[in-house]
Every structure is written in C-alpha cells, then in structure tokens.
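>>> Show me the folded form of this:
(one chain, ligands or ions: 1)
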Amino acid sequence: MNIETKTHTALHIVKGAIVKVLGPEAKWSTSASIDGAHGRIAVEYPRKPTDQQLEEIQQKVNQKITEDAEIETYTMTRKEAEERWGDWIYDKFPLPESIQTVTIFHLPDWNVNACIKKHTRTTGEVGKIHITKTRYRNSKQVLEVSYDIE
Ligand SMILES: [Zn+2]
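All right, here's what the predicted structure looks like:
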C-alpha cells in the first residue's frame, strides 16, 4: 500500500484524538500536510495544552490503531452530509458552494470529514503513529502536531 495513503489516513486518526482530548474547541483544522511517512496537522485551540493532554492524545491514537476500526466512506449530497454531521465535515475553510456532492471519510465516534483522498480500510492498516513534535503558536492560537508513521 502507498505510504502516503497511510500517512494521510493518520491525519484523520490524529485529528480525532486531538478532539477527544481537547474537546470541540479544537474542531477546526487550519492546515494538514503529508510528506512520505511524515505528517502534520494544525488546529485552532485557544490555549496551550498541558503535557498530560498531549500524552493522552498519543495514547488515544494508539488505542484507535489497536482497535483496527473500520473506516467508512460515503458519497452523498452536501445537504445530506450537513444534516447528519453538521459543520463537523468541514475544515477551517469550507468547500466552495458549487460543490454539491461530497465524499465523506467517517471513522465512527472519532472523525468525520469531507475528503476525496484515498484511505486505508481499517485504522490498523496505518501501522504505528508516533507523535514526534507538538508546537503551540500563541500568536495564532494554533496547535501543530507532527507525527511519523512506521
Ligand atoms: Zn482523508
């Protein structure tokens, strides 16, 4: 399997863990990038997380990988998706109005996102995710989380 498919799927797993630990205040992703086995996601958050919270994010990531949970994808109208999940399907900058059919990544009780990229079938297929660095940017109120997959 393509390494970037795993690294990309890991973005959704890490994002879900961030929101589980920090709550809905951390729901808006401002950026995400991958390069080979490295990934980085940034979310809005109004304060610096504690070391304990950051540790807990790594634990939740591990737990979701171990669960080997099945990833669901749906294609549906934007209206249907919004009725089911509200603005949780979006990142910081919503899709253009012209897009009326969306592909939804859904990891039940973890992460939902309008995303057209390729994903693994289960969380276990990603392998291990190591959070290598976290950085809180006070001026932007943004938390950046970098990871490697193995
Ligand atoms: Zn995706």
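>>> Could you pull up the contacting residues of whatever residue of the chain ends up closest to the ion?
Proximity to the ion, evaluated over the chain using CB to the ion, is greatest for Cys115 at 3.3 Å. Backbone N, C-alpha and C define where each C-beta goes, glycine included. Applying CB atoms under 8 Å, 6 or more residues apart in numbering, one finds that Cys115 lies in contact with 12, 103-105.
>>> one more time with 7 Å, if that's ok
103, 105 (CB atoms under 7 Å, 6 or more residues apart in numbering).
>>> Now do the phi/psi pair for it.
Note on Cys115: its backbone torsions stand at phi -150, psi 130 [degrees, to the nearest 10].
>>> Could you tell me what pLDDT the model assigned to it?
Listed pLDDT for Cys115 reads 95.
>>> And the one 5 residues further on, by the same measure?
According to the model's per-residue confidence, Thr120 sits at a pLDDT of 98.
>>> who does the lengthiest helix in the chain touch, helix- and strand-wise?
Using DSSP state H to define each element, the chain has its longest helix at helix 3-22. When contacts are defined as 3 or more CB pairs under 7 Å, 6 or more residues apart in numbering; DSSP states H and E, helix 3-22 packs onto strand 29-35, strand 38-44, helix 51-67, strand 101-107, strand 111-114, strand 129-137, strand 142-149.
>>> now could you export just the CA positions of the last one as PDB?
Think strand 142-149. C-alpha atoms of strand 142-149 as PDB (Å, rounded to 0.1, in the frame of the first residue of the first chain):
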ATOM      1  CA  VAL A 142      -3.000  27.200  16.800                       C
ATOM      2  CA  LEU A 143      -1.700  23.800  17.900                       C
ATOM      3  CA  GLU A 144       0.600  21.900  15.500                       C
ATOM      4  CA  VAL A 145       1.000  18.200  15.800                       C
ATOM      5  CA  SER A 146       3.700  16.400  13.800                       C
ATOM      6  CA  TYR A 147       4.000  12.600  13.500                       C
ATOM      7  CA  ASP A 148       5.800   9.800  11.700                       C
ATOM      8  CA  ILE A 149       4.200   6.500  10.800                       C
END
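>>> helices or strands up against it?
helix 3-22, strand 38-44, strand 129-137.
>>> Pick the most deeply packed of these.
helix 3-22 (a mean of 22; mean count of other CB atoms under 10 Å).
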